[in-house]
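Participant: Coordinates for the following, if possible.
(chains A and B)
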Number of protein chains: 2
Amino acid sequence: MGGVTSVPRERPIGVFDSGVGGLTVLHELLVALPHEDFVYLGDTARFPYGGRGADELERFSLEVADVLVKRRVKLLVVACNSATAAALPALQRRMMETTLGIEVLGVVKPGAVQAVGVTRNGRIGLLATPATVRSGAYQRAIEDVDPHVTLLSVECPDLAGMIEDGFPVDERVVAMVREYCGPLREGRVDTVILGCTHYPLVRPMLQRSLGPDVSMVTSGAAAARQVEHALASRDLDARREGEGDYRFLCTGDAEAFRTVGTRFLQMPLGDIERVAAGTERAAA
Amino acid sequence: MGGVTSVPRERPIGVFDSGVGGLTVLHELLVALPHEDFVYLGDTARFPYGGRGADELERFSLEVADVLVKRRVKLLVVACNSATAAALPALQRRMMETTLGIEVLGVVKPGAVQAVGVTRNGRIGLLATPATVRSGAYQRAIEDVDPHVTLLSVECPDLAGMIEDGFPVDERVVAMVREYCGPLREGRVDTVILGCTHYPLVRPMLQRSLGPDVSMVTSGAAAARQVEHALASRDLDARREGEGDYRFLCTGDAEAFRTVGTRFLQMPLGDIERVAAGTERAAA
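Facilitator: Sure thing, here's the model as predicted:
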């Protein structure tokens, strides 16, 4: 990737996910890169991506990316662990074929790199959906960065759904968090990757269960760092004084997206436009 | 303070505030000290403390402290900037008079110490209620730690109320945050003390407005560090494997406390007991 590009720096950064989870990634991007514009697409009509096959995820991801390319984004962030694991190479090929050569960043590699940079005892834990764990994407990414690091993965089949549905949080969430953290405590990991974009919402419970000496790495913080590098290295960073804009597209119901989304973004959502992935015609 | 004590380490840590704001301090304590038990008292019947005089705050604080002493706490944390600024010396005198010599920690000095430790350009900002700013408590605490540091204080008369009432957050909160951050950006501070326990709930908006290079110091994180030191130095830290308990007392309506409190604690609240400050009889 890289090389000289003619994408104008004034354009927004595109971010997509199957639903609201990626808003925790957008949250970190908004805090780390306040001068940039963003356009976020939640493919809520086809949520969740978690249980789908790799071929389907690839097709959905390419369709969603097309919508964002038509919105003239300068960089594309796949804010979804499942879609990153299944579709990143295909997305990167497709985006490089477009005339301007838009770069595509996922959330797996940045998280793996950051975790390897943080661990001191070389033992990293991963909490993620079964699909993400079984894809082996984090295992490969970590081996690639440092083959001497051990990764302990825990499949959390019910946690994302309970976080999305369960507000305010109750004791069932605490009990579930405690159960999933058990193997990581026993495995003496000193760093844990939150390998699902929903998990930052239970970060305090996770930290309490893992203990204060365990470092946590979120997809959002790791992706924000890499986006910052990608923009700077390609001379694509916005050069304005004030805060940029951010706006939302979704393929499902806009008001449902707003209600749950505000909790995930921790900021007001503003306008939400309903679109159809692939055609960009309003589906409502 | 200090000296040998006979307080048993199994006892809970007492935490109090005028309402739910101190739950952001308890939040940090629960994450940093997972093995400790806590009992939190919200004096919600007399909320808010912000507009009251120093004499009244001192009286209220002593009454509330008495309730917690009867609950046999081993350490007392004043999780309220107004009460710390007005009543800490009186509370410390009173607690030293009790037979066991319970230590009392406030939130002002730990925040000042942490901010001085973090700043690199020697320019610190303070966001707080008018009462806290005008008390001069942060100014004195910072001069005491490092007289070469400059403190820029911004009074935020409406922010705490808007945070407590306004959920989900809307554009008015963002506009207000932007306004209060303006003088701090112009003043080129590199560190900002969130001098009110409500402000961590708008931390992402504050960080976005101040820019990613500005460090933020919360009352909760700073107090948690000092509580950790106080327990360790007096050999009072709980020695158990699992997570401790936490429970709640309030002087006002318990269900109102739960509804707003869950947002502030970011964890489930469990049982809430209604008490009368000073007599510990149920007021309901």
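Participant: Please parse chain A into its domains.
Facilitator: According to automatic domain parsing, chain A comprises the domains A:13-106+A:221-274, A:108-219.
Participant: Now do the contacts for the residue in the stretch 51-200 of chain A positioned nearest to chain B.
Facilitator: Nearest to chain B in the stretch 51-200 of chain A, going by CB to the nearest CB, is A:Pro168, at a distance of 4.0 Å. Every C-beta, even on glycine, is put in place using the N, C-alpha and C of the backbone. For A:Pro168, the contacting residues are B:262-263, B:268, by CB atoms under 8 Å, 6 or more residues apart in numbering or on different chains.
Participant: Give the rounded mean pLDDT of the helix or strand containing A:Gln226.
Facilitator: If you go by DSSP states H and E, A:Gln226 is part of helix A:219-233. Average pLDDT, helix A:219-233: 95.
Participant: Who does whatever helix or strand comes next after that helix pair with, and is each partner parallel or antiparallel?
Facilitator: Note on helix A:219-233: by DSSP H and E, the next helix or strand toward the C-terminus is strand A:246-250. Partners of strand A:246-250 in the sheet, by DSSP bridges, are strand A:38-42 (parallel), strand A:272-274 (parallel).
Participant: Where does pLDDT dip in the stretch 151-284 of chain A?
Facilitator: Applying pLDDT under 70 to the stretch 151-284 of chain A flags residues A:278-284.
Participant: Repeat the analysis, applying 90 as the threshold.
Facilitator: A:158, A:161, A:164-171, A:239-242, A:259, A:270-271, A:276-284 (pLDDT under 90).
Participant: Tell me where it has helices.
Facilitator: A:159-165, A:171-186, A:203-210, A:219-233, A:254-265 (DSSP state H, counting those that start in this stretch).
Participant: quick one on the thing from earlier: list just the one of the domains of chain A that sits closest to B:Gly42.
Facilitator: B:Gly42 lies closest to domain A:108-219 among the domains of chain A, at 16.8 Å (CB to CB).
Participant: Could you look up the SS state of A:Leu30?
Facilitator: helix (DSSP: H, G, I helix; E, B strand; the rest coil).
Participant: Skipping adjacent residues, who's closest to it in space?
Facilitator: B:Arg208 (5.8 Å; CB to CB, 6 or more residues apart in numbering or on different chains).
Participant: Spell out which parts of the stretch 101-250 of chain A neighbour chain B.
Facilitator: Contact residues, the stretch 101-250 of chain A versus chain B (CB under 8 Å from any CB of the partner chain): A:168-171, A:173-174, A:178, A:204-205, A:207-209, A:211-212, A:243.
Participant: from those, which would you call buried?
Facilitator: Among those, those classed as buried by 16 or more other CB atoms under 10 Å in any protein chain shown are A:169, A:173-174, A:178, A:204-205, A:207-209, A:243.
Participant: Can you tell me which of those residues is nearest A:Val217?
Facilitator: Using CB to CB, these come closest to A:Val217 at A:Gln207, 12.3 Å.
Participant: show me what contacts the closest one?
Facilitator: A:214, A:216, B:31 are the contacts of A:Gln207 under CB under 8 Å, 6+ apart.
Participant: Correct me if wrong: A:Ala277 contacts A:Thr251.
Facilitator: Yes. Applying CB atoms under 8 Å, one finds A:Ala277 in contact with A:Thr251, separated by 5.2 Å.
Participant: overlap in contacts of these two?
Facilitator: A:41, A:43, A:45-46.
Participant: Using ChimeraX, define a selection of the buried residues within those.
Facilitator: To isolate the buried members of the shared contacts of A:Ala277 and A:Thr251 in ChimeraX, using 16+ other CB under 10 Å:
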select /A:41,43,45,46
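Participant: Out of the shared contacts of A:Ala277 and A:Thr251, which comes closest to chain B?
Facilitator: Proximity of the shared contacts of A:Ala277 and A:Thr251 to chain B (CB to the nearest CB) peaks at A:Leu41, which lies at 21.0 Å.
Participant: buried set for stretch A:224-244?
Facilitator: A:224, A:226-228, A:230-231, A:234, A:236-238, A:243-244.
Participant: Pull the distance from that stretch to the chain's centre.
Facilitator: Centre-to-centre, stretch A:224-244 and its host chain are 18 Å apart (CA atoms, centre = their mean, to the nearest Å).
Participant: Spell out for me which residue occupies the centre of chain A.
Facilitator: A:Ala79 (2.6 Å; CA atoms, centre = their mean).
Participant: what about the residue lying closest to that one once chain neighbours are set aside, distance to chain B?
Facilitator: Spatially, and ignoring its direct neighbours in sequence, A:Ala79 is nearest to A:Gly22 (3.1 Å; CB to CB, 6+ apart). Distance, A:Gly22 to chain B, by CB to the nearest CB, to the nearest Å: 16 Å.
Participant: Next, the contact list for A:Gly22, please.
Facilitator: Counting by CB under 8 Å, 6+ apart, A:Gly22 has contacts A:15-16, A:40, A:42, A:79-80, A:197.
Participant: Could you report the pLDDT at it?
Facilitator: 96.
Participant: rewinding a little: how distant is the helix holding A:Gln226 from the center of its chain?
Facilitator: The answer for helix A:219-233 is 12 Å, by CA atoms, centre = their mean.
Participant: number of nearby residues for A:Gly51?
Facilitator: The burial count assigned to A:Gly51 is 10, neighbours taken as other CB atoms under 10 Å in any protein chain shown.
Participant: residues touching it, list them.
Facilitator: Counting by CB under 8 Å, 6+ apart, A:Gly51 has contacts A:Ala131.
Participant: wait, is it part of a helix?
Facilitator: No. Assignment of A:Gly51 by three-state DSSP gives coil, placing it outside any helix.
Participant: ok, it to A:Asp253 distance?
Facilitator: From A:Gly51 across to A:Asp253, the span is 20 Å (CB to CB, to the nearest Å).
Participant: Repeat that for A:Pro212.
Facilitator: A:Pro212 is 40 Å from A:Asp253, by CB to CB.
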